[in-house]
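*Asks:* Mind looking at a prediction? Sequence and model below.
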Amino acid sequence: MTPPKTSSRSRTALTVAGAIVLVLAALVLAAAGAALWANSKSDGGYVSTGNHRFDASTHAIYTDSFKVDSDIPSWLFGRARITASSTGGKPVFVGVARKSDVDAYLANVSRSQVRNLDYGPFTVDYAQRVGTASPARPASRSIWAASASGTGEQQLTWRLRSGDWRVVLMNADGSSGVNADVKVGGRITHPLAIGLGVLGGGLLLLAFGALLVFAGRGRGGHSAVPVTA
């Protein structure tokens, strides 16, 4: 009588499950490595881009709207930091405000909307919006959730809040011809602890996956015992 093939199928299932767990472990370990790398490169807990030049002949440069969801855990990623340094000889202004407020403030003002922004390598395109009005000095408006202005390097720190937002870069006097070097970063809370915790979970998954693969392949050498009906 031929022995049932259940054991062979079980070994195959264990091997496949182990391979899947090993792939998952590799992804988790990669995430742990990224967190530990971020900790080594952080500046006071902030991980930032390099300085990159933004310039336009219009009155303002502003980003596409970006949505912040309320379910982002503040203990993980709660603050953003934007550093701007004027390169055109004029005091610079940088601010974050809700999309609707920015659109109302810059209505009928010539402005440049950031498009196709890429940091590796850095490239940026602008969609030009025509207008004939001269804007009020940006710092005189009360629409900003966070802002900074002045000569030299200006640094804006913003606690993330839910909603649709835009970042605006202008000359502090509202004049046209905006030129500035900008650096953007985010603060990751306790990156070392997070990285080590994820690393530990990845190592556990790695051990579990290897155990499954070993269990699936380790029984293949046993010969079947004939069974007499």
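*Replies:* Arrived safely, thanks for sending.

*Asks:* what about the residue positioned nearest the centre of the chain, helix or strand, and which?
*Replies:* Nearest to the geometric centre of the chain sits residue 186, at 7.9 Å (Cα atoms, centre = their mean). Element membership of residue 186, judged by DSSP states H and E, is strand 178-188.

*Asks:* before we move on, back to that, so the closest residue to the residue nearest to the centre of the chain other than its chain neighbours bridges to which residues?
*Replies:* Nearest residue to residue 186 in three dimensions, chain neighbours excluded: residue 80, at 5.3 Å (Cβ to Cβ, 6 or more residues apart in numbering). The C-beta positions use only the backbone N, C-alpha and C, and glycine is treated the same way. With DSSP bridges as the criterion, residue 80 is bridged to residue 158, residue 186.

*Asks:* mind listing what residue 80 touches?
*Replies:* 96, 157-158, 160, 184-187 (Cβ atoms under 8 Å, 6 or more residues apart in numbering).

*Asks:* if I look at it, how far off is residue 152?
*Replies:* Using Cβ to Cβ, to the nearest Å, one obtains 21 Å as the distance from residue 80 to residue 152.

*Asks:* same thing with residue 124?
*Replies:* With Cβ to Cβ as the criterion, residue 124 and residue 152 are 23 Å apart.

*Asks:* The two: which is more packed in?
*Replies:* Neighbour count, other Cβ atoms under 10 Å: between residue 124 and residue 152, residue 124 has more, with 17 against 8.

*Asks:* How about that one, nearest residue that isn't a chain neighbour?
*Replies:* Residue 124 sits nearest to residue 117 (Cβ to Cβ, 6+ apart), 5.0 Å away.

*Asks:* now residue 174
*Replies:* Nearest to residue 174 is residue 135, by Cβ to Cβ, 6+ apart, at 4.6 Å.

*Asks:* The one you found contacts residue 108, doesn't it?
*Replies:* No. Contact criterion Cβ atoms under 8 Å: residue 135 and residue 108 do not qualify, at 9.3 Å.

*Asks:* can you give me the strands for this structure?
*Replies:* 46-48, 52-56, 60-62, 66-68, 77-86, 92-98, 111-119, 122-129, 144-150, 153-159, 163-171, 178-188 (DSSP state E).

*Asks:* Dump those strands into JSON lines; add mean pLDDT and distance to residue 26 as well.
*Replies:* JSON lines is the format used below for those (pLDDT from 0 to 100; distance: least, Cβ to Cβ, whole Å):
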{"stretch": "strand 46-48", "mean pLDDT": "68", "distance to residue 26": "23"}
{"stretch": "strand 52-56", "mean pLDDT": "94", "distance to residue 26": "33"}
{"stretch": "strand 60-62", "mean pLDDT": "96", "distance to residue 26": "40"}
{"stretch": "strand 66-68", "mean pLDDT": "84", "distance to residue 26": "31"}
{"stretch": "strand 77-86", "mean pLDDT": "84", "distance to residue 26": "24"}
{"stretch": "strand 92-98", "mean pLDDT": "96", "distance to residue 26": "37"}
{"stretch": "strand 111-119", "mean pLDDT": "91", "distance to residue 26": "26"}
{"stretch": "strand 122-129", "mean pLDDT": "93", "distance to residue 26": "30"}
{"stretch": "strand 144-150", "mean pLDDT": "95", "distance to residue 26": "39"}
{"stretch": "strand 153-159", "mean pLDDT": "91", "distance to residue 26": "35"}
{"stretch": "strand 163-171", "mean pLDDT": "95", "distance to residue 26": "36"}
{"stretch": "strand 178-188", "mean pLDDT": "86", "distance to residue 26": "22"}
